[in-house]
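Peer 1: mind looking at a prediction? Sequence and model below.
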Amino acid sequence: MLDRLIAAHGGPRLPLPSKPCVERHREWMRLVAVLVIAAGCLGLHTPGLRAQAAQQDVPTIDVSYTQILSADSLDIGQAALSPDGRWVVFTHGGNQESHLWMVSTEGGEPFPITRGPVYDDGPVWFQTGDRIAYRSDFRVVSLAIDPATGAPVGIPRRVTLESSDAYLDVSSDGKWIAYTPRDENGHRVIRVLPSNGGVARTVAEESTSRPAWAPDGKSIYYVTGRVDSPEQTLMRVRVEEGARADGALPETVLTSMTLIRTGTSPNTAFILLETGRDTDEPRIVFSTLAGTHLGRVELEPRMRPRALSRDSRTLLAARVETASPLRILAVAGGAPTTLQQTDSRPLAWTPDGDRVLLETALDGERLVFLAAAAGGTMTQVRLPEDRADFGRAGMDFRPELHPDPVLSGDGRHLLYAVAGAAPDTATLQILDLETGRASVLTTRYPTPGWSRFLSGRVLGAGGTVNRSDNAFFYWEKEGDALVLRAADATGRSRALRTFRDPEHTGSVSVFRDRLAFVENVDGQASIMLADVGTDEARRILTVDGALDVLAWSPDGRWLAATNWPPNGGEAKVMLIEVSASGEVEGEPRSLGPGAWSWWGHQWLPDSSGFLTAGTQGDVWLIPVDPMAEPVPLSEEEEEGYIHDFVLSPDGRHIAYAPRISQGSSLWLIDLGDALVGRAPR
């Protein structure tokens, strides 16, 4: 089967195609918890901000909009407003290159300020307005800017030798830069060094996406989370002269169920709570750190806040236009066919391969349909209760962690989630598609948290998500532990394994009564093998770096995984052969091109290879045969960026929804006097 597929695509190729929208995808996949600190309120502790929001009458701020840039050819990612309000620096690029561009807030033509075969992102202004810091190929650099023209002065200057795994921030006095490298054990930490380069000192050993300086430069704030809770915890560590203050320990400032966004430079006097992350019209609440909500802004569809002006009168926002039509593509090659034009996401195929289960937007609601793969009819799957909408309910977490509806192996039942009694749990129900009746499976499904570990998805043989041919896989919360269970369509369940340290447990895959899972500890990743229903597990492989997305082949002979090397670098797909006795045979093989990430490993029915997607934006066919090379399936047929795809039961087709860029724009939103003088002193 594999030989025919490779031949159909013209033999092996290993180009690195460039796709749009990757910068937005990277931003979406990272842990997007960031903060804004209010001067004078730095010692206050508050309860969950959403609970307070429900008790406060938050006025709506009357706003007016000014568009300063609209371009079909630019994919605007991050954007930062200069302290004097004259310039906006923003990112534009694809998967292989990203550059910084500048545009005047008075309008006019944007122009690039960085060039070349580099990946530049995460720009932050110095408060003087004549310099920016950013990441260039993951290392921190700075660049002088002419405040009069917005043009670069000279060339970028490297500040760090080591990579910054996530983003960075500049202190208000411009003397220090906080950034996020990995230590010798592979753990993300926060370090501070002089903005002109020099000795870096570790101030916090915490995983976070962006450290943020307090306005007075005496503290750094960051957000952490747990694997089994949607709550974010805002932490603070005191800093003196680029080092952690004597005797200072990180301390909790507040916890929140609501996504906290930063106002970034030049104004860090307010918290921005994005309370409608999963809706077309996100609601932005401006609040002090003490939890006093000052005003609400109903942004236009697909608009995201980027920065607040120094005088608190103007909010910078970016609007990105994309489409995600549902398409079918033959694995053997050929032109795709379109089943649904609007924003869609494929979830599964029916066992006969005649229909695709999908989620799509209709009248502002996310609904589930069954669509004929040959085109034509598309029928709604009606659920007795509304599905849990964790974005609007306040339990914002990464979209790939949502408990998606799962179609049973026989295609007759659907597992889905509804809101639970507590914010950290959901209720799972099983719907009989013939009778329309639903029954409760569990009320203790743990709402996935912000941790990078234990994604919530369990892969069955072949890479099926949260099911095998005859069982659903799901999690139950049991104190601090997570219990993996399997249930048939009637709800009869059994425990497969109890994970007592979920913070260090990664991907889980089940093949019959054999269970493989990852432990990521101290810069190394181990694949553990266990028999279902036992507490014993043995280590069969340890590699440097991190592993994720384990997927057994249908015959149980192979494990596919994603491997990130230590100290940064691009991920590759790893293939591991496992004997009938559970031993690794030979050396694991790293296959295919490098990418920021790979996910969605789905095996061909005969176990001759598997399909996978990555941040390059294409679906690749990865063969088991060491003499055959990986092949990109969608490179020539699809210009959009592919994130979600599902392989048909016979391995002949994929259903996918490419993200197609339709342009982007930058906006200045006039807030009037609503926030002026409202920040605590």
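Peer 2: Looks like it came in fine.
Peer 1: so Leu383 is in contact with Ile430, correct?
Peer 2: No: using C-beta atoms under 8 Å, Leu383 makes no contact with Ile430, being 11.3 Å away. C-beta: built from backbone N, CA, C; applies to glycine.
Peer 1: joint contacts of the two?
Peer 2: Leu414, Ala438 (C-beta atoms under 8 Å, 6 or more residues apart in numbering).
Peer 1: the two: which has the busier surroundings?
Peer 2: Neighbour totals were compared for Leu383 and Ile430, and Ile430 leads with 21 against 17 (other C-beta atoms under 10 Å).
Peer 1: and the more buried one, how far from Gly491?
Peer 2: Separation of Ile430 from Gly491 (C-beta to C-beta, to the nearest Å): 6 Å.
Peer 1: joint contacts of these two?
Peer 2: Shared contacts of Ile430 and Gly491, defined by C-beta under 8 Å, 6+ apart, comprise Ser439, Leu441.
Peer 1: with only the CA atoms kept, save stretch 143-156 in PDB.
Peer 2: Presented in PDB, the C-alpha positions along stretch 143-156 are these (Å, rounded to 0.1, in the frame of the first residue of the first chain):
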ATOM      1  CA  LEU A 143      17.800  46.800  17.500                       C
ATOM      2  CA  ALA A 144      18.000  50.600  17.500                       C
ATOM      3  CA  ILE A 145      15.000  52.500  16.000                       C
ATOM      4  CA  ASP A 146      14.900  56.100  14.700                       C
ATOM      5  CA  PRO A 147      11.800  57.500  16.600                       C
ATOM      6  CA  ALA A 148      11.300  60.000  13.800                       C
ATOM      7  CA  THR A 149      11.100  57.600  10.900                       C
ATOM      8  CA  GLY A 150      10.600  54.200  12.500                       C
ATOM      9  CA  ALA A 151      13.500  52.900  10.500                       C
ATOM     10  CA  PRO A 152      16.200  50.600  12.000                       C
ATOM     11  CA  VAL A 153      19.500  52.200  12.900                       C
ATOM     12  CA  GLY A 154      22.400  49.900  12.400                       C
ATOM     13  CA  ILE A 155      22.200  46.200  12.700                       C
ATOM     14  CA  PRO A 156      20.600  43.900  15.300                       C
END
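Peer 1: buried residues in that stretch?
Peer 2: For stretch 143-156, the neighbour count (16 or more other C-beta atoms under 10 Å) marks Leu143, Ile145, Pro147, Gly150, Pro152, Pro156 as buried.
Peer 1: contact partners for Lys477?
Peer 2: Asp228, Asp424, Thr425, Arg444, Tyr445, Pro446, Val483.
Peer 1: for it, grab phi and psi.
Peer 2: Main-chain dihedrals, Lys477, degrees, to the nearest 10: phi -80, psi 130.
Peer 1: next, find the distance separating the closest residue in space to it that isn't next to it in sequence from Ala613.
Peer 2: The shortest distance from Lys477 to any non-neighbouring residue, by C-beta to C-beta, 6 or more residues apart in numbering, is to Pro446 (4.1 Å). In this view, Pro446 and Ala613 are 26 Å apart by C-beta to C-beta.
Peer 1: low-confidence ranges in the stretch 501-650 of the chain?
Peer 2: 567-569, 636-637 (pLDDT under 70).
Peer 1: cutoff 80 now
Peer 2: Filtered on pLDDT under 80, the stretch 501-650 of the chain yields the residue ranges 501-504, 520-523, 566-570, 595-596, 615-617, 635-640.
Peer 1: picking up where we left off before, the residue nearest to Lys477: neighbour count?
Peer 2: Counted with other C-beta under 10 Å, the neighbours of Pro446 add up to 25.
Peer 1: give me the phi and psi for it.
Peer 2: The phi/psi pair for Pro446 (degrees, to the nearest 10) is phi -80, psi 130.
Peer 1: what of His504?
Peer 2: phi -110, psi 10.
Peer 1: that one reaches Glu519, doesn't it?
Peer 2: Yes: taking C-beta under 8 Å as the definition, His504 is a contact partner of Glu519 at 5.6 Å.
Peer 1: quick one, which of these two is more surrounded?
Peer 2: Per other C-beta under 10 Å, whichever of His504 and Glu519 has more neighbours is Glu519, with 19 against 16.
Peer 1: tell me the contacts of that one?
Peer 2: His504, Thr505, Gly506, Ala525, Ser526, Met528.
Peer 1: can you tell me which of the residues you listed are in strands?
Peer 2: With DSSP state E as the criterion, strands contain Thr505, Gly506, Ala525, Ser526, Met528 from among the contacts of Glu519.
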